[in-house]
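Enquirer: Sequence first, predicted model second:
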Amino acid sequence: MDNISIIIRNRNEAEFIGFAIQSCLDQFENPEIIIVDNKSTDESLEIVNLLKIELRLKLYQSTTIRLANQLIWVLNNVLMTMFWYYQHTLKLLT
């Protein structure tokens, strides 16, 4: 796959955020990784900011919990719609 975007939600995930980012890098070639932070109070933002310098990361920090949850909900629905469309298009072509 040439272009892929991965969305990772973050709220006080300092212990796991590095592993999640590394897993994305291991599975895909040059992915765009979008981190949606939901008011983290631990070191996870520092970890993301350090990795952001070297990698293709985008960090979005929400000002409210609702904003981040709504963004993730909308993006999940868009992805599910795209996946459904892709599956049905393949069935029609075969």
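Expert: Done, it's in. Not measured: the values here are computed from a predicted model.
Enquirer: mind listing the strands for the protein?
Expert: Remark: strands assigned in the chain by DSSP state E are 5-10, 32-37, 57-61.
Enquirer: which stretches of the chain have low pLDDT?
Expert: 1-2, 63-68, 88, 90-94 (pLDDT under 70).
Enquirer: Would you state the helices of the protein in chain order?
Expert: Applying DSSP state H to the chain gives helices spanning 17-27, 44-54, 65-93.
Enquirer: about what we covered before: so which of the strands of the chain is nearest residue 70?
Expert: Closest to residue 70 of these, according to C-beta to C-beta: strand 32-37, at 10.3 Å. Placement of C-beta: from N, CA and C, glycine included.
Enquirer: what separates that closest one from the chain centre, distance-wise?
Expert: Distance, stretch centre to chain centre, for strand 32-37: 4 Å (C-alpha atoms, centre = their mean, to the nearest Å).
Enquirer: which secondary structure elements does it contact?
Expert: Judged by 3 or more C-beta pairs under 8 Å, 6 or more residues apart in numbering; DSSP states H and E, the packing partners of strand 32-37 are strand 5-10, helix 17-27, helix 44-54, strand 57-61, helix 65-93.
Enquirer: If we use 7 Å, what do you get?
Expert: Based on contacts counted as 3 or more C-beta pairs under 7 Å, 6 or more residues apart in numbering; DSSP states H and E, the elements that strand 32-37 packs against are strand 5-10, strand 57-61, helix 65-93.
Enquirer: you'd agree residue 18 is up against residue 47?
Expert: Yes: counting by C-beta atoms under 7 Å, residue 18 does reach residue 47; the two are 5.7 Å apart.
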